[in-house]
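A.B. asks: sequence first, then the predicted structure:
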Amino acid sequence: MEAHFPLSGAWGHLWLSPAIAFLVSFATSMAGISGAFLLLPFQMSVLGFVGPAVSPTNLIYNLVAVPSGALRYAREKRVVWPLALVMIAGTLPGVVAGGWIRLAYLPDPARFKIFAGSVLLLLGARLLFDMVRPKAESAKEETSGRPRTIEEFAVDSVEFSWRRLAYGFRGRTYGCPTLGLFALSLVVGGIGGIYGIGGGAIIAPFLVGVLGLPVHTVAGATLVATFATSAVGVAFYELAAGHYENLGMAVRPDWALGLLLGAGGMAGMYAGARTQRFVPGVWLKLALIVVLVFVAAQYLAGLRM
């Protein structure tokens, strides 16, 4: 059965959008990524939904899909709440600024894509280097595929101040500078607001590859931050819709399409969060590398997202 979405002009089989969203969110949620960055080219290339309104529609997918995965991580005590709070504090003003930049200056941000693609490729190289040359003390942990108990993957807050954030995980302490994380989140929030991807695809590799945080511990926090970022982003686009529609630019999100994508994503997120602790860290890092290369290749090739 083929469906038509009048607001966006998109066409497609009714089952296709939720099915694709399920597969994407199942794979990416284990690394703390909503998968929205993959659904942008799907909507534009397959469904024929082009224009600025695709960004807030993608954020609606995050609003519906992300809570199931985030709640599952929280239920298993695998959300580093101080990490999530700092990211939210940075991404919220960033996403508003990004949405404004998207509408005012970057309807087709080709130059910015070249810069973003280069940064993502460097991050991918850094993650690959860390993966092929793991530290001796963590090599066994990263590659072991045996089933793990929920208790073994729980995280504990150790330190949280304006200078440093630290937490315990599997007998070790991991941390990062609070202000540095806030600044990173501010930039990522801006990028997420511009492209409607929530920012998880960018910040998760930074947390793992640059700050050295275990990939199993960042997923819950990044999903929580993605949800908050997406909520503010959707609100911004809705409030701005009237003004820009008077200028002949359609920026109002297609709620029907976003909710349909979100329905499939909700199931995929929950399944991914439930499965993550059984997947070795090295495979999760490899998934992040694939994500980075995929997005960077599209940016550098000049494909519109």
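C.D. replies: Okay, I see it.
A.B. asks: and after the one helix or strand in the chain whose mean pLDDT sits lowest, which helix or strand comes next?
C.D. replies: Least confident helix or strand, the chain: helix 136-143 with a mean of 45, by mean pLDDT, DSSP states H and E. Using DSSP states H and E, the helix or strand that follows helix 136-143 in sequence is strand 155-160.
A.B. asks: what sits up against that next one?
C.D. replies: 77-82, 165-169, 173, 175, 178, 217 (C-beta atoms under 8 Å, 6 or more residues apart in numbering). C-beta coordinates here come from the backbone N, C-alpha and C atoms, glycine included.
A.B. asks: looking at those residues, which are in helices?
C.D. replies: The members of the contacts of strand 155-160 that map onto helices under DSSP state H are 81-82, 178, 217.
A.B. asks: just curious, which of those residues is nearest to Leu16?
C.D. replies: Nearest to Leu16 among these: Thr217, at 34.3 Å, using C-beta to C-beta.
A.B. asks: what residues are up against that closest one?
C.D. replies: Thr217 touches 78, 80, 155, 167, 169, 174, counting by C-beta under 8 Å, 6+ apart.
A.B. asks: which of the residues you listed are buried?
C.D. replies: By neighbour count, with 16 or more other C-beta atoms under 10 Å, the contacts of Thr217 hold 78, 80, 155, 167, 169, 174 as buried.
A.B. asks: pLDDT score for the closest residue to Thr222 other than its chain neighbours?
C.D. replies: Distances taken as C-beta to C-beta, 6 or more residues apart in numbering place Gly32 nearest to Thr222, at 3.6 Å, with adjacent residues excluded. We have a pLDDT of 80 for Gly32.
A.B. asks: ok, back up a step: export the contacts of Thr217 to a markdown table and tack on pLDDT and distance to Val251?
C.D. replies: As requested, those are exported to a markdown table (pLDDT from 0 to 100; distance: C-beta to C-beta, whole Å):
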| residue | pLDDT | distance to Val251 |
| --- | --- | --- |
| Arg78 | 90 | 36 |
| Val80 | 94 | 34 |
| Val155 | 89 | 39 |
| Tyr167 | 94 | 39 |
| Phe169 | 91 | 41 |
| Tyr174 | 94 | 40 |
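A.B. asks: can you pull out the low-pLDDT segments for the stretch 101-250 of the chain?
C.D. replies: Residues of the stretch 101-250 of the chain that meet the criterion pLDDT under 70 lie in 106-113, 115-117, 119-120, 123, 126-127, 130-148, 195-201.
A.B. asks: do a quick rundown of the helices in it.
C.D. replies: Taking DSSP state H, counting those that start in this stretch, the helices of the stretch 101-250 of the chain run over residues 110-132, 136-143, 178-195, 200-205, 215-246.
A.B. asks: ok, then the element right after the host helix or strand of Ser17?
C.D. replies: Using DSSP H and E, Ser17 sits within helix 16-29. Note on helix 16-29: by DSSP H and E, the next helix or strand toward the C-terminus is helix 36-41.
A.B. asks: helices or strands next to that next one in the packing?
C.D. replies: Under the contact criterion of 3 or more C-beta pairs under 8 Å, 6 or more residues apart in numbering; DSSP states H and E, helix 36-41 touches helix 16-29, helix 54-75, helix 200-205, helix 281-301.
A.B. asks: please redo it, this time with the cut-off set to 7 Å
C.D. replies: helix 16-29, helix 54-75 (3 or more C-beta pairs under 7 Å, 6 or more residues apart in numbering; DSSP states H and E).
A.B. asks: burial measure for the closest residue to Ile202 other than its chain neighbours, as a count.
C.D. replies: Closest residue to Ile202 apart from its sequence neighbours, by C-beta to C-beta, 6+ apart: Val188 at 5.1 Å. Neighbour count of Val188, defined by other C-beta atoms under 10 Å: 28.
A.B. asks: what of the one 3 residues further on?
C.D. replies: A total of 22 residues lie near Ile191 under the criterion other C-beta under 10 Å.
A.B. asks: coming back round to it: phi and psi next, for the residue nearest to Thr222.
C.D. replies: The phi and psi values for Gly32, taken as degrees, to the nearest 10, are phi 80, psi 20.
A.B. asks: of the helices and strands packed on helix 36-41, flag the one that's most buried.
C.D. replies: Among these, helix 54-75 has the highest mean neighbour count (mean count of other C-beta atoms under 10 Å), at a mean of 26.
A.B. asks: so how far is that one off the chain centroid?
C.D. replies: Remark: helix 54-75 is offset 9 Å from the chain centroid, using C-alpha atoms, centre = their mean, to the nearest Å.
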